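Visitor: model the structure of this input:
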Amino acid sequence: MLIKERRKMTSGATICHTEYLTIKTQRRYEILDITPDVERVRQAAGLLDGYVLVSTMHITSSIFVNDHESGLWRDVMEWLETLAPRKPEYHHHLTGEDNADAHLKRMLLGHQVLVPVTNGALDLGPWERVHYGEFDGCRPKRILLKAMGIAG
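Guide: Numbers count the residues shown, from 1 in each chain. Predicted coordinates for the structure are as follows:
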């Protein structure tokens, strides 16, 4: 059964609000729930209806949406390690780097998400949270948060 829901927007100003979040993880591999930061930016922008773009600005980290559950986080990290294990044989390491696996892990989870905003709230499913995945950590990295849409 398909149910269509319609919501009429009251007209407001179109906005585009940009902030940068700096994260420094304690471990080389780590997952952090950044949903409160996304909501903080939505509030600061006064965004009623639109999107918040969340994008990592580093090629060894990712942004993804999933459940905030420690067992799942461990499963994600183990899955990534199976698909892109940390090992010395990568060609990228011939450049003097040691983080080829981090680049590959980032490709698997992606670098950005678009979080919908409806009626002044992040429009996520009941268990969905926005996460930052770090695969070459222990140094400062930036995340772009850009709220776009109609101000409330």
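
Visitor: tell me the helix or strand right after the lengthiest helix in the chain.
Guide: Using DSSP state H to assign secondary structure, the helix with the most residues in the chain is helix 70-83. Remark: after helix 70-83, the chain's next helix or strand is helix 100-109, criterion DSSP states H and E.

Visitor: for the residue nearest in space to the middle of the chain, which residues make a bridge with it?
Guide: The geometric centre of the chain, computed from its C-alpha atoms, lies nearest to residue 63 (Cα atoms, centre = their mean), at 2.6 Å. For residue 63, the beta-bridge assignment (DSSP bridges) gives partners residue 132.

Visitor: on that earlier part again, go through the longest helix of the chain and flag the buried ones.
Guide: Taking 16 or more other Cβ atoms under 10 Å as the neighbour-count basis, helix 70-83 is seen to contain the buried residues 73, 76-77, 80. For the C-beta atoms, the positions are set from N, CA and C on the backbone; glycine is no exception.

Visitor: angle of it against helix 100-109?
Guide: Orientation note: helix 70-83 sits at an angle of 120 degrees relative to helix 100-109 (axes from the mean of the first three to the mean of the last three Cα atoms, to 10 degrees).

Visitor: need the CA coordinates for helix 70-83. PDB is fine.
Guide: Listed in PDB are the C-alpha atoms of helix 70-83, where the atom choice follows Å, rounded to 0.1, in the frame of the first residue of the first chain:
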ATOM      1  CA  SER A  70      28.900  -0.700  19.300                       C
ATOM      2  CA  GLY A  71      28.500  -4.300  18.000                       C
ATOM      3  CA  LEU A  72      27.600  -3.000  14.500                       C
ATOM      4  CA  TRP A  73      30.600  -0.600  14.600                       C
ATOM      5  CA  ARG A  74      32.900  -3.500  15.400                       C
ATOM      6  CA  ASP A  75      31.300  -5.500  12.500                       C
ATOM      7  CA  VAL A  76      31.800  -2.600  10.100                       C
ATOM      8  CA  MET A  77      35.500  -2.300  11.100                       C
ATOM      9  CA  GLU A  78      36.000  -6.000  10.700                       C
ATOM     10  CA  TRP A  79      34.200  -6.100   7.400                       C
ATOM     11  CA  LEU A  80      36.400  -3.200   6.100                       C
ATOM     12  CA  GLU A  81      39.500  -4.900   7.400                       C
ATOM     13  CA  THR A  82      38.500  -8.000   5.400                       C
ATOM     14  CA  LEU A  83      37.900  -6.100   2.200                       C
END
